[in-house]
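A.B. asks: Please work out how this folds:
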Amino acid sequence: RAFHLLAQQDVQRAAADVVSCNTVMSACEKSQHWALCFTIFETRESDVVSYGSMMSACEAAGRWQESLFLLEQLDGLRFQ
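C.D. replies: Model (predicted):
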């Protein structure tokens, strides 16, 4: 449901901020929809919380290699 609301927000041309995206990513992670979480992650602005949600979603799905890759990426980034 949260993913559909975010998609609807795009249709209505409303700006989805990082907090909204992180909330949807967290819902996707908790409902074990790691692919939807990844779709949001790769198409939206990300922050350290986004990376944490994405890594948790990968871990829950048994996709540890992706989680390690994200951790390596995060190590090289600087957030404000």
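A.B. asks: what residue ranges in the protein score low on pLDDT?
C.D. replies: Along the chain, segments meeting pLDDT under 70 span 1-16, 79-80.
A.B. asks: Could you say which helix or strand holds F38?
C.D. replies: helix 34-43 (DSSP states H and E).
A.B. asks: Could you find the closest non-adjacent residue to M25?
C.D. replies: In this structure, M25 finds its nearest non-sequential neighbour in S53, 4.1 Å apart by CB to CB, 6 or more residues apart in numbering. Yep, even glycine has a C-beta here, placed from its N, CA and C like the rest.
A.B. asks: That neighbour: what secondary structure?
C.D. replies: What DSSP: H, G, I helix; E, B strand; the rest coil gives for S53 is helix.
A.B. asks: quick one: contacts for M54?
C.D. replies: By CB atoms under 8 Å, 6 or more residues apart in numbering, the contact list for M54 reads M25, E29, C37, F38, F41, S46, L70.
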